[in-house]
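Chemist: What shape does this take:
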Amino acid sequence: MIEVSQSFLDALSTLRSDGDWQAFDAALARSLAPHTGEALGLAAGAISARLRAGDTAVAITDLAEAGRPLWPTPDQLMALPEGPSGQPVERLGPLVQLARVAEHERTLCDLLLTRAAAEVPVVDAGLLDDALHRLFPPAWRNEQQEAAVRAFVGSALTILAGGPGTGKTTTVVRMLAAHIEQELEAGRPAPEILVLAPTGKAAARLSESIAAQRGALEVQPEVLQALPSEASTVHRALKPADDWLVRFRRDRSSPLVADVVVVDEVSMLDLVLFRRLMEAIPAHARVVLIGDPDQLPSVGGGAVLEDLTGLASSHAVGRRVARLTESRRFAKGGGIATIAQAVLTADAEAIADLSDDAELTFLATDGRDPRHDDASLRTLVEAFRPFAEAATPQARLDGLGHARVLCATHKGRRGVQALNEAVEAALAREGLLQPREGLYDGQPIMIQQNDYAVDLYNGDVGVICRGDDGTLRAWFQSPSGGLRSLAPGRLPAFDTVFAMTVHKSQGSEFRHVLWMLPDRPLPLLDRGLAYTAITRAREHLTVFGARQMVLHAAMARQRRVSGIPSRLSR
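Modeler: A predicted model of the protein is given here:
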């Protein structure tokens with residue numbers, strides 16, 4: 001072992017005190033340096049720090065600290081062998097990665113390429129043409145959706161990419177119906193179909209969408225019967241081992257029971273969970289990955305959906321990408337569609353020209369604290385009045401879907417905690433709620449951790465209401481469409497949820513989104529966050545804050561660095 005120098009220890013201390021590294025990054029570098037040398041130890045710590053920000057790889061030119069003592073030079077890093085070498089850091093062309101992260105990427109890429117190359121039974125073209133004619137009536141025929149159905153029926157891997165309101169769920173249900181018809185016509189049994197989403201809320205919305213689409217299909221009863229009736233969360237389907245979040249009982253040796261696996265909101269899956277899911281899908285099963293690559297990437301490392309949709313159409317996996325671009329969620333030319341497009345294209349002139357209309361309201365608070373601003377508080381009260389005035393658990397749950405405050409951060413006067421308190425206080429002054437310490441009647445809540453014993457998961461939303469016996473209970477929408485209630489003492493950790501972070505809002509939509517911009521530019525205020533916040537609104541978007549913050553977000557594109565495009569291209 002190599003004895004580390006005091007200069008090395010001083011460098012670690014400086015990195016910690018400057019806030020560039022956290023304790024884990026420094027501990028990793030400290031533990032590796034005696035075995036690998038100080039330069040590679042520092043490289044590992046720096047890559048770890050970037051991984052926490054979402055990058056699964058780092059460009060050598062960004063990492064090497066030329067001219068600084070102890071730090072690796074570009075030549076040193078380029079001299080690392082490519083691929084597994086027993087070293088904690090691996091090189092992939094001009095990139096470097098932690099070896100454990102590289103192994104996740106290698107495995108996932110192998111699984112995707114194998115799936116993309118898998119052969120499927122010959123398609124009955126006549127039956128498929130007939131199915132498309134029935135499934136897509138002439139009044140709302142969409143060539144992109146029909147092309148996506150054809151792509152799915154003819155391949156084992158399909159990636160369906162599209163923004164909000166582009167008909168992703170509509171298309172998937174018709175994909176499945178056409179596939180079921182092909183299987184039954186060929187004399188094979190109806191496929192076992194598993195539909196998954198990352199969060200309980202996303203799974204519930206997907207279940208509702210599928211149920212709504214089933215009734216509009218012109219198919220035989222046996223086809224309808226074979227369609228899935230509800231969605232599950234990815235974690236629930238994979239069955240976590242004890243309390244582990246990345247170790248599951250479903251894996252290669254004990255795969256999921258399914259012939260088709262549909263995964264919605266794929267942008268929310270980090271690299272490790274994506275890999276574990278793909279490993280657990282049986283080799284014969286078809287896979288449909290659905291999502292919006294322009295949304296925020298996962299909280300964990302990687303941006304796999306963005307990587308896949310960015311591949312050239314000539315690539316084996318790139319050919320499996322079907323795109324939907326025509327949105328029906330917002331009115332064409334309306335405020336929501338206009339601001340969303342302006343942010344996506346970083347169009348400064350369009351952002352400057354935005355004006356209030358039936359869908360969009362700018363509430364310029366000029367730096368004022370929204371908790372003490374009369375105009376802000378009036379807007380918040382009116383947005384949540386239907387929820388607060390509702391009398392039954394079901395009506396309150398329905399009302400909770402009408403409005404939500406979305407914030408960039410948890411802390412600060414424009415953060416989730418402050419806005420939840422502000423909305424509670426404002427509704428109390430109007431006599432609409434009576435908040436108190438602990439739980440209270442009419443309190444909206446969001447679950448913050450998975451609890452498999454009570455079947456509640458991170459992101460599930462409910463409301464505290466009195467039951468018929470007068471006692472407080474926590475009420476949640478059941479995947480089957482009814483209500484379920486629990487004694488408050490059985491709840492896992494939860495927060496009040498008039499306000500939530502934009503990250504937590506993924507997979508949801510609300511009639512009215514109240515987007516609380518921060519007072520100043522923040523690293524996390526980028527295009528993906530802005531686009532995600534805007535497109536959660538279905539009917540109206542109220543923007544609290546300075547228009548310059550919208551422009552800042554649009555210009556701040558933070559693409560994550562990953563080795564997946566390089567690995568797949570090789």
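Chemist: which residues in the stretch 401-550 of the chain form strands?
Modeler: 403-407, 443-447, 461-466, 472-477, 483-486, 494-496, 499-501, 510-516, 537-544 (DSSP state E, counting those that start in this stretch).
Chemist: Ranking those by mean neighbour count, which comes first?
Modeler: strand 403-407 (a mean of 26; mean count of other C-beta atoms under 10 Å). C-beta coordinates here come from the backbone N, C-alpha and C atoms, glycine included.
Chemist: Strand partners (parallel or antiparallel) of that strand?
Modeler: strand 499-501 (parallel), strand 510-516 (parallel) (DSSP bridges).
Chemist: buried sites along the helix or strand bottoming out on mean pLDDT in the chain?
Modeler: When the helices and strands of the chain are compared on mean pLDDT, DSSP states H and E, helix 200-214 comes out lowest with a mean of 83. The neighbour-count check on helix 200-214 (16 or more other C-beta atoms under 10 Å) flags 200-211, 213 as buried.
Chemist: how close does the most centrally placed residue in the chain sit to E105?
Modeler: Ranked by distance to the mean C-alpha position of the chain (C-alpha atoms, centre = their mean), the top residue is M268 at 2.5 Å. Note on M268: its distance to E105, by C-beta to C-beta, to the nearest Å, is 18 Å.
Chemist: Same question for L12.
Modeler: 28 Å.
Chemist: Between the two, point out the one with more neighbours.
Modeler: E105 (26 against 21; other C-beta atoms under 10 Å).
Chemist: Flag the shaky bits of this protein, pLDDT-wise.
Modeler: 66-67, 242-246, 479-481 (pLDDT under 70).
Chemist: the helices in the stretch 101-250 of the chain, which residues?
Modeler: For the stretch 101-250 of the chain, the helices defined by DSSP state H, counting those that start in this stretch cover 125-135, 143-153, 168-185, 200-214, 221-226, 234-238.
Chemist: Could you list the residues in contact with the shortest one?
Modeler: By C-beta atoms under 8 Å, 6 or more residues apart in numbering, the surrounding residues in contact with helix 234-238 are 194, 196-198, 245, 248-250, 256, 263, 269, 273, 276-277, 280, 450, 452, 455, 457.
Chemist: Select from the residues you listed every entry located in strands.
Modeler: If you go by DSSP state E, the contacts of helix 234-238 have L194, L196, A197, V263 in strands.
Chemist: Check the contact between the first one and L256; I expect there is one.
Modeler: Yes. Under the criterion of C-beta atoms under 8 Å, L194 makes contact with L256 at 6.1 Å.
Chemist: The nearest residue to A117 once chain neighbours are set aside and L277, how far apart?
Modeler: What sits nearest to A117 in space, not counting adjacent residues and going by C-beta to C-beta, 6 or more residues apart in numbering, is A316, at 6.4 Å. Using C-beta to C-beta, A316 is found at 20 Å from L277.
Chemist: In terms of neighbours, single out the busier of those two.
Modeler: Legend: neighbour count by other C-beta under 10 Å for A316 and L277, higher for L277 (26 against 15).
Chemist: Quick check, the more buried one in contact with A258.
Modeler: No. Using C-beta under 8 Å as the test, L277 is too far from A258 to be in contact (11.5 Å).
Chemist: picking that back up, same list, the strands of the stretch 401-550 of the chain, but as JSON lines with distance to E146 please.
Modeler: Listed next are the strands of the stretch 401-550 of the chain as JSON lines, based on distance: least, C-beta to C-beta, whole Å:
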{"stretch": "strand 403-407", "distance to E146": "35"}
{"stretch": "strand 443-447", "distance to E146": "38"}
{"stretch": "strand 461-466", "distance to E146": "35"}
{"stretch": "strand 472-477", "distance to E146": "33"}
{"stretch": "strand 483-486", "distance to E146": "38"}
{"stretch": "strand 494-496", "distance to E146": "43"}
{"stretch": "strand 499-501", "distance to E146": "37"}
{"stretch": "strand 510-516", "distance to E146": "31"}
{"stretch": "strand 537-544", "distance to E146": "26"}
